[in-house]
Every structure is written in C-alpha cells, then in structure tokens.
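Chemist: Take this sequence and fold it.
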Amino acid sequence: MSQTSLESMLSEANQNIKRLDFSETENIIKNTNHVIIDVREESEVQSHGLIKNAIHIPRGLIEFKLKPYSFDNPVTIDDDTNILVYCAGGYRSALAAQTLVNLGFNNVYNIGGFGEWVSNGGQLQ
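Modeler: Numbers count the residues shown, from 1 in each chain. Model (predicted):
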C-alpha cells in the first residue's frame with residue numbers, strides 16, 4: 001500500500017476545490033442557499049468564536065456527521081446548497097472540503113482561514 005504525503009494531499013485538494021476570496025464568499029452568503037462549516041478544533045472555536053451562522057464540525061468528525069441526502073445531517077444540504085468550509089489557516093478546510101467532495105457532496109468551497117475572515121471585517125456570531 002502506497003503512502004500519500006500531506007503535501008500531495010493538500011496539492012490535490014487545492015487543485016480540486018475552488019478557493020474563494022472574501023468578496024466571493026460574501027456574494028454566496030448573500031445570494032444563495034448555503035451552509036458554512038467550521039472544521040477547527042473545539043478549543044479554537046471557544047477561544048475565537050465562529051463566523052456568523054456557521055456550524056462547527058471538527059475536521060476529524062466530518063465523515064461521521066455529514067452524508068449526502070441524509071435527514072440526519074445537522075443542517076439541510078441539497079444539490080443546490082453551497083458548502084463553505086473554513087479553518088484557522090485554510091489547510092484543514094481544503095482537506096475537509098476534498099473529503100466532502102469524495103463523500104458525494106457538490107458545490108463545496110474552501111473559504112480559507114478564520115483570521116482572514118476577521119481581518120476583512122466578516123461578521124461573527
């Protein structure tokens with residue numbers, strides 16, 4: 001069994017998952033059906049908060065918490081839902097977004113890091 005390095009996993013995720021900038025993200029939030037997923041650890045969320053209306057699902061649990069077309073998901077996600085994923089710096093969100101695509105979700109985007117959101121004046125809850 002061959003091993004895959006973190007660098008190659010990140011490279012693949014960054015090639016496959018569109019990285020949105022702040023204005024693109026705001027446009028999706030204002031004009032489309034969407035869900036925002038924070039994949040940071042609980043301690044990070046407790047220390048810094050969440051983007052407004054985001055749900056928290058740590059990266060290590062994403063495969064267990066979300067399934068395409070499932071009524072058990074913590075939020076409703078259909079084929080038209082834009083899934084916006086973020087973490088602290090944009091790396092875990094890229095990997096989590098790739099995982100969501102691999103699970104069968106559509107319209108998955110990496111919106112980068114929490115600090116970038118805050119520095120651009122993004123709203124928090």
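Chemist: Now do the same contact list for Leu95.
Modeler: Residues near Leu95 by CB atoms under 8 Å, 6 or more residues apart in numbering: Met9, Leu10, Ala13, Arg59. Yep, even glycine has a C-beta here, placed from its N, CA and C like the rest.
Chemist: Quick one, which of the residues you listed are buried?
Modeler: Burial by neighbour count, 16 or more other CB atoms under 10 Å: within the contacts of Leu95 this picks out Leu10, Ala13, Arg59.
Chemist: residue contacts, the first one?
Modeler: Residues in contact with Leu10, defined by CB under 8 Å, 6+ apart, are Tyr91, Ala94, Leu95.
Chemist: Format those as CSV; extra columns: secondary structure.
Modeler: Below are these laid out as CSV (DSSP: H, G, I helix; E, B strand; the rest coil):
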residue, secondary structure
Tyr91, helix
Ala94, helix
Leu95, helix
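Chemist: What secondary structure category should be reported for the most centrally placed residue in the chain?
Modeler: In the chain, the C-alpha nearest the mean C-alpha coordinate belongs to Val85, at 1.2 Å (CA atoms, centre = their mean). Under three-state DSSP, Val85 falls in the strand class.
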